[in-house]
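# Quick one: sequence and predicted model below, then my questions.
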Amino acid sequence: MRQKVGYCTAPDAVKLAYAVHGSGPPIVRVATWMTNLEFDWDSPVWRHWLDALGDGHTLIRYDERGCGLSDRDVDDISFDAWVADLEAVVDAAGVDRFALLGVSTGVAVAVEYAARHPERLTHLVLYGGYARGRELRGASERRLQDALIAAISAGWTNPDPTFRHLFSMLFLPAGTAEQMGWYDDLQRKSTSAATAVRIYNARGRINVVDTAAQVRTRTLVVHPADDRVVPIGEGRLLATLLPDARLVELDSANHIMLSDDPAWPRFVSELRDFLGTKPVTARPGVEELSRRELEVLELVAAGLTNEAIAERLSLSIRTVERHLTNTYVKLRVSGKAGRAAAAARFSEANQH
């Protein structure tokens, strides 16, 4: 599976990068906090999302203004600009009717688009999002907003990831060292500290509480129950504001659902049931692995490093690496995201 990257122009002449992959009914994913279309493609944090969403669907996603492959130096960072960017990408991609997916900070933009363009949408899926930004949620949330902005200003461009790691721990509390390290790097590679502050400030002022009542598209709202970035109460509020919404609470603390998260298979199942589609790619399963390969993969799925696995199983590190190489070949996964994809396959198999 490959992605095709293209460019379009927003109403204020900002160049936006968007990517398309997969085949089938289209899904448009609204841009969210910190993306880079090329860097995300082999990501241990996002690649399983891209594989699942592009299996039986055409997935269209884009880097928001100021980030990734889109123009970095922009004058306008605002909610209205984000909605106009989504409109520009949809038009450039040439899709007529489609399912719209909002993730995290992209949820409010998706709600606004749905209210303005109901004729374009077949389904609306909102994951881990909110109808009101931190500035509208009370004094404690405003203090947290200020603290996170201070962390961005202090350490965003520093080679030492200490300050950026704060976001990784919030977004991926159950993440492995590899996943957190990748997310640390993503932030620095996506945008500048100054732009990140502007984006975060604009996110804090978001308010689609009244707009949500105007949405007429059938909606699936999904939220991790122990989300540390967006409290579950915000997801519940969002679901009550939308006229035709169903709320699914996932047993997870990860704001970004990871491939080895036990709740990931349920999310994919709920999504496919809602969209009425099935995967079309036949994937080899873990039943093709040897007993020792399964033992190694089980420990990978539990978050252990190769060194820890070698010690646990009384093997050499080289032998663990050889078992993993064979596993990746059998499961047809590769690249930097191969480890996470294999772990996800193991977790899925053990859900049944």
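Alright, I've got the coordinates.
# Three-state assignment for Arg61, please.
Look at Arg61: counting by DSSP: H, G, I helix; E, B strand; the rest coil, its state is strand.
# Please, where are all the strands along the protein?
4-9, 15-22, 26-29, 58-62, 98-103, 121-127, 219-224, 245-250 (DSSP state E).
# Those: which one's closest to Asn326?
strand 15-22 (27.6 Å; Cβ to Cβ). In short, each C-beta sits where N, CA and C put it, glycine included.
# now the closest one against strand 4-9, angle please.
Between strand 15-22 and strand 4-9, the angle comes out at 150 degrees (axes from the mean of the first three to the mean of the last three Cα atoms, to 10 degrees).
# max-length helix in this structure?
If you go by DSSP state H, the chain has its longest helix at helix 139-155.
# now that helix, how far from the chain's geometric center?
22 Å (Cα atoms, centre = their mean, to the nearest Å).
# got it, and stretch 310-324?
32 Å.
# Equivalent analysis for stretch 125-137, please.
On Cα atoms, centre = their mean, the centre of stretch 125-137 falls 15 Å from that of its chain.
# buried stuff in it?
By neighbour count with 16 or more other Cβ atoms under 10 Å, stretch 125-137 contains the buried residues 125-135, 137.
# Contacts made by stretch 194-211 with the rest, please.
33-34, 64, 66-67, 72, 74, 77-79, 105, 108, 111-112, 115, 130-136, 142, 145, 148-149, 152-153, 156, 187, 191, 241 (Cβ atoms under 8 Å, 6 or more residues apart in numbering).
# tell me the average confidence for it?
Stretch 194-211 shows a mean pLDDT of 95 in the predicted model.
# one step back: name the nearest of the buried residues of stretch 125-137 relative to Cys8.
Closest approach between those and Cys8, by Cβ to Cβ: Val125, at 23.0 Å.
# my read: the closest one touches Thr219, true?
Yes. Here Val125 reaches Thr219: they are 7.4 Å apart, a contact under Cβ atoms under 8 Å.
# hmm, back to that, the contacts of stretch 194-211 in helices, which ones?
79, 108, 111-112, 115, 142, 145, 148-149, 152-153, 187, 241.
# Could you identify the most distant pair in those?
Ala115 and Ser153 (34.3 Å).
# Which one's more surrounded, these two?
Under the criterion of other Cβ atoms under 10 Å, the comparison of Ala115 against Ser153 puts Ala115 first, with 18 against 13.
# Could you identify the buried members of the ones in helices among the contacts of stretch 194-211?
With burial judged by 16+ other Cβ under 10 Å, the buried subset of the ones in helices among the contacts of stretch 194-211 is 79, 108, 111-112, 115, 145, 148-149, 152, 187, 241.
# Please report how far Phe346 lies from Ala253.
20 Å (Cβ to Cβ, to the nearest Å).
# If you count surrounding residues, which of these two has more?
Neighbours were counted for Phe346 and for Ala253 using other Cβ under 10 Å; Phe346 has more, 22 against 17.
# Now for the more buried one: which residues touch it?
Phe346 neighbours (Cβ under 8 Å, 6+ apart): 260, 286, 294, 297-298, 300-301.
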